[in-house]
Structure formats: structure tokens, C-alpha cells
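Peer 1: Take this sequence and fold it.
(one chain, ligands or ions: 1)
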Amino acid sequence: MTIDFFPQKRLCVLGLGYIGLPTAAMFATHGWHVTGVDSKASVVETLQSGGLHIQEHGLRELVHTAISSGNLQVSREAVPADAFIIAVPTPFYADKRADMRAVTAATQAIAGVLQPGNLVVLESTSPPRTTVDLVQPILEQSGLRAGVDFHLAYSPERVLPGRILVELVENARVIGGVTGQSAETGRALYAAFVKGEIVLTDATTAEMVKLMENTYRDVNIAIANEFGRLAERFGVDVWEAISLANRHPRVKILQPGPGVGGHCISVDPWFLVEAAPDLAQLIRQARQVNDDQPALVTGRIRELLGGDLAGKRIAALGLSYKPDVDDLRESPAVEIAHLLSAAGAQVIAFEPNKPDAVFEGFRCVDTIETALAGADLIVILVGHRVFRDLVPARVAQISAARQVVDTVNLTNADWQKAGFQVTRLGVGK
Ligand code: SAJ
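Peer 2: Residues are numbered from 1 along each chain as shown. Coordinates of the predicted model:
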């Protein structure tokens, strides 16, 4: 006999960002009646009027299908449901402490409508013990007890921006319950569309798993960046050296670059540092190495331009935090543009996935031609596909600049042939 955990299949998803919206739309197209909740009026209005406030491959169609079927409704208020998913952001304060205000507010909203038998799942990346020490007590203010009257679990999202809809379905999903029954109820929820393995554990282990995954990647990128610095000192091309080292059957070095951005990998390791500063020393050091990359790139450009950036016109190609996404959060490319302009350079930036981006301190333009024309130096900050497809001879016609700084190793010998002097990050002379 199979137990019907959710007879009415009513789900309320709090937070309609890069994770919450795809998740809500996915459930809505798999038989659930979903209310998506966002505290921002602009997000709710945009979605209600058929628009989309974020870009992600395939998301527009999925959200359209979900809303037009009537299975996805959007609101500013949490509503009673069988299950709740919290997918709000957990940024950090200037001193790197986790800012849990959005999680707290979402949890309070759920506490106001919680009913016996409900399931609440926290998906937001959070410091260890958040589910049991922060979320559970707030929900229990309803008078109901976690693991007894309602189910409570933590399930980390692990999808890669750019591949969210594929990975939501295919990735293995970890569900950590405050009790075994809470975890089992979580499995019954996500089984609606998850094809990857669903693995059950306790809530704090699940939180730790998420933080370990992103920290592991951050530390590995840090060592790639440090190898880049060493390669420059020893006259080595780090990109070639990494590719050769990776022929070893047990070595898989990641790629150096202008720094680590996005809302996850550059943020999450701090949650471990904050929770145990005496223990998380390697993690803190790796964060520092990655955070120093933008200043390092800015320093290289200054050297190439004779030690003074004042009045120099620099075309900055790419602003997003990684290739082929429109997300500019915590982007090292944006930081480099700011650092260059703070040093007196006139930065003209072009981000093909967000041509209407606006920043104080430097100018953004909506065509690559406008960015290139009149530049003294071109810096490639993001390995976008469109930049890989650039024809150097054509760039040489548009721009008088003959200096190119490539932070992501996308240039090839054709750039030199077209007359450019190319400086690749991590390549020593
Ligand atoms: N980066 C490098 N070198 C590399 C790989 C990445 O410099 O070799 C940089 C990127 O350019 C970017 C940053 O790191 O600035 C992060 O990019 P990413 O593609 O590594 O990761 P995210 O932040 O887009 O997504 C990560 C993923 N986590 C892991 O791969 C362990 C994703 O699975 C998570 O769901 C996501 O964080 C999240 O939301 O936590």
C-alpha cells in the first residue's frame, strides 16, 4: 500500500528567484497546485503580467506553461498548503556573517498558516544547524511540534545556473529530516519530478553537505588561481600546465580566472568560517586567494598601461559572474570594472546577456562595437561563447586598441596575427 502524503497536492514556495521559481514551475507542471510567494511586489507583478525577472535556459516556456495551466499562482502572501519550500536568499553582511533575515521572515510567514501534517522544507543555503536552531523554534511558535505534528526537513538545491532545469530533475537530491519520517515525507514531495537518486539523512548533515560541496569547489579554484600566480613567476603557461597535470588519472585541477563570483561559491564558505573560525582556516585562506583575483587583474592592467590608469579607456568584455549567464551578483568582472574606474580609467563595459545593465562608476553599453571603439585596452573578463566566436581581424578593424588582457584563456594565435599584444592571466614570460 502506498501512503498518500499529500492528498490535495498544494505547495507554497517562498522566494521566486533562481531556485524558487524553477522549482515552483516544475512542481506546477507535475500535478501540484503551487502558490509562489515573493516579498518583492515587482517580481509578483512581472510574473502576473506574463513577464520573467530572471533569465535561465528554458525557464520562460516552463513558467508560461505553469501559469497558463492555472497550477502556478503568484502572490506576496504565504497561503495554507500541504507542503512549503523556503528558497529565499541567504546573503552575508559586510563582516561576512550570514544574513538570515529572509529565512526568518519566510519561516514566520509559514508559522502563521501551518497546519498539522504539513511538511516544511528549507532549501536556502544556511549555516550548520539553521533548520533545528532557527527554523524549528519559529515554526513551533504555532503551537505545533516539529517531527510530531508537522514534518521539517532541509534539502539543499545543487543546480548549476545555466543548467537549472536539467539538474533539478537529474541531480541526486539530499533530504535531511528532523526525524526519519520528516525525511521520508520530503522524499514523497520531490519524487514528483526528481529522477536522480533521493538520499535521506538528518537536517544538519544535509546543511553541511551543501556547504562542503561549494567550499570544496572554492578551495579547488583557489589552488588553480595560486598555480596561475606561480606560473607567471616561473615563466610557465598555467593553462597548458593544468591541462597536462589533468592527464594524471587522479588529478582534476579547475581553471584560474578573474575571481569567484555568484551567489553561492563566493558566499557559502563564509558560513563555515563564521560558524567555526578556529577550525576553518584553509577555507578562509582559499576565500582570500579568490577574493584577491580582481585586484591582481587590475594590477596587471595598470602595469601594461604604464603604471597609471588615469584617463585610459578600457573596454571590459563581460560582466556576469561566469560564462553564458545573465547573473551579475558578486561578479569579479563587475568588481574589476569598479577597481579600474576607481583608479581613474574610463571603463566601457559590455555584457551580452544583460545589455541594459547599469552601474554607478562606469558606463555599460549595449553593443560590443560601442565598447571596442575608442578603447586603449581590451580586457576579456568572462568566457562567453560570443566572445570565443569573435573574429580578431574584425575586432582590429573596430578598435584602435592593440593590447588585450585575457583573464579566461579564450584567445588564440589569431589574435596575435591580427596585430594584438595579448596578455593571458597565469602565463609568465
Ligand atoms: N570558476 C572558476 N574556475 C573554475 C570554475 C568556476 O574561476 O574552474 C568561477 C566561475 O567563473 C564563477 C564561480 O567560480 O565565478 C562559480 O561558478 P561555478 O560554475 O563553479 O558555480 P555556481 O556558483 O554557478 O554554482 C555552484 C555549483 N556548485 C558546485 O559545483 C559544487 C552548483 O551545483 C550549486 O547548486 C550552486 O553553486 C549553488 O547554488 O550553491
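Peer 1: Helix or strand: which one has residue 16?
Peer 2: Using DSSP states H and E, residue 16 sits within no helix or strand.
Peer 1: who touches it in this structure?
Peer 2: Taking C-beta atoms under 8 Å, 6 or more residues apart in numbering as the criterion, residue 16 is in contact with 24, 36-38, 43-44, 47, 74. Backbone N, C-alpha and C define where each C-beta goes, glycine included.
Peer 1: likewise residue 52?
Peer 2: Residue 52 neighbours (C-beta under 8 Å, 6+ apart): 46, 59-60, 63.
Peer 1: taking these as a set, which two sit the farthest apart in space?
Peer 2: 46 and 59 (12.9 Å; C-beta to C-beta).
Peer 1: Report how many residues lie close to residue 109.
Peer 2: When neighbours are counted by other C-beta atoms under 10 Å, residue 109 registers 21.
Peer 1: I'd say residue 33 and residue 7 touch.
Peer 2: No: counting by C-beta atoms under 8 Å, residue 33 sits too far from residue 7 to count as a contact (11.7 Å).
Peer 1: which one of the two has more residues nearby?
Peer 2: residue 33 (17 against 8).
Peer 1: Once you drop chain neighbours, what's closest to that one?
Peer 2: Nearest residue to residue 33, sequence neighbours excluded (C-beta to C-beta, 6 or more residues apart in numbering): residue 10, at 5.1 Å.
Peer 1: what's the distance between that neighbour and residue 427?
Peer 2: Separation of residue 10 from residue 427 (C-beta to C-beta, to the nearest Å) stands at 57 Å.
Peer 1: Give me the nearest residue to residue 418, chain neighbours excluded.
Peer 2: residue 392 (3.7 Å).
Peer 1: Now that neighbour: phi and psi?
Peer 2: phi -50, psi -40 (degrees, to the nearest 10).
Peer 1: picking up where we left off before, tell me the one of the contacts of residue 52 nearest the ligand?
Peer 2: Nearest to the ligand among those: residue 59, at 15.3 Å, using C-beta to the nearest ligand atom.
Peer 1: quick one, what contacts the closest one?
Peer 2: Here residue 59 is in contact with 21-22, 25, 52, 164-165 (criterion: C-beta under 8 Å, 6+ apart).
Peer 1: Same list, those, but as CSV with distance to residue 87, secondary structure and pLDDT please.
Peer 2: Supplementary listing: those in CSV, determined by distance: C-beta to C-beta, whole Å; DSSP: H, G, I helix; E, B strand; the rest coil; pLDDT from 0 to 100:
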residue, distance to residue 87, secondary structure, pLDDT
21, 8, helix, 98
22, 9, helix, 98
25, 12, helix, 98
52, 16, coil, 95
164, 12, helix, 95
165, 15, helix, 97
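Peer 1: how far away is residue 240 from residue 22?
Peer 2: Residue 240 is 38 Å from residue 22, by C-beta to C-beta.
Peer 1: the more surrounded of those two?
Peer 2: residue 22 (25 against 13).
Peer 1: rewinding a little: now flag whichever of the contacts of residue 59 is closest to the ligand.
Peer 2: residue 164 (8.6 Å).
Peer 1: Am I right that residue 73 sits in a strand?
Peer 2: Yes: assessed with DSSP: H, G, I helix; E, B strand; the rest coil, residue 73 lies in a strand.
Peer 1: quick one: it and residue 32 touch, right?
Peer 2: No: with contacts counted by C-beta under 8 Å, residue 73 stays clear of residue 32, the gap being 11.6 Å.
Peer 1: Neighbour count: the two, which is higher?
Peer 2: residue 32 (24 against 18).
Peer 1: can you tell me which residues contact the more buried one?
Peer 2: Applying C-beta under 8 Å, 6+ apart, the residues contacting residue 32 are 9-11, 71, 192.
Peer 1: Of those, which ones also sit close to the ligand?
Peer 2: Among the contacts of residue 32, not one lies near the ligand by C-beta under 6 Å from any ligand atom.
Peer 1: Just the buried ones from those residues?
Peer 2: The neighbour count (16 or more other C-beta atoms under 10 Å) marks 9-11, 71 as buried among these.
Peer 1: Neighbour-wise, which one of the contacts of residue 52 leads?
Peer 2: Most neighbours among the contacts of residue 52, by other C-beta under 10 Å: residue 63, with 26 neighbours.
Peer 1: Let me know whether the strand or helix carrying residue 296 sits next to the ligand.
Peer 2: Assessed by DSSP H and E, residue 296 sits inside helix 281-304. No: using C-beta under 6 Å from any ligand atom, helix 281-304 stays clear of the ligand, coming no nearer than 7.6 Å.
Peer 1: need the next SSE after that helix, C-terminal direction.
Peer 2: Immediately after helix 281-304, counting by DSSP H and E, sits strand 313-317.
Peer 1: is it true that residue 329 touches residue 322?
Peer 2: No: counting by C-beta under 8 Å, residue 329 sits too far from residue 322 to count as a contact (10.8 Å).
Peer 1: more crowded one of those two?
Peer 2: residue 322 (22 against 16).
Peer 1: gap between that one and residue 333?
Peer 2: Counting by C-beta to C-beta, the gap from residue 322 to residue 333 is 9 Å.
Peer 1: overlap in contacts of those two?
Peer 2: Between them, residue 322 and residue 333 share these contacting residues under C-beta under 8 Å, 6+ apart: 261, 382.
Peer 1: Now do the helices in the stretch 301-429 of the chain.
Peer 2: Applying DSSP state H, counting those that start in this stretch to the stretch 301-429 of the chain gives helices spanning 332-342, 368-372, 385-388, 392-398, 413-417.
Peer 1: Can you pull out the residues in contact with the shortest one?
Peer 2: Outside of helix 385-388, the residues within contact range by C-beta under 8 Å, 6+ apart are 317-318, 323-324, 352, 368, 380, 410.
Peer 1: Of the residues you listed, which is the most crowded?
Peer 2: Result: residue 317 is most packed of those (other C-beta under 10 Å), 31 neighbours.
Peer 1: tell me which residues form a beta bridge with that one?
Peer 2: residue 350, residue 380 (DSSP bridges).
Peer 1: circling back to that earlier point, can you convert the contacts of residue 32 into CSV and add a column each for secondary structure and pLDDT?
Peer 2: Output for the contacts of residue 32, formatted as CSV (DSSP: H, G, I helix; E, B strand; the rest coil; pLDDT from 0 to 100):
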residue, secondary structure, pLDDT
9, coil, 96
10, strand, 98
11, strand, 98
71, coil, 98
192, coil, 96
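Peer 1: Who are the contact partners of residue 178?
Peer 2: 131-132, 136, 146-147, 151-153, 202-203.
Peer 1: The closest residue to residue 377 other than its chain neighbours and residue 325, how far apart?
Peer 2: Take residue 377 and drop its neighbours on the chain: the residue closest to it by C-beta to C-beta, 6+ apart is residue 403, 4.4 Å away. Plainly put, residue 403 is 27 Å away from residue 325 if you go by C-beta to C-beta.
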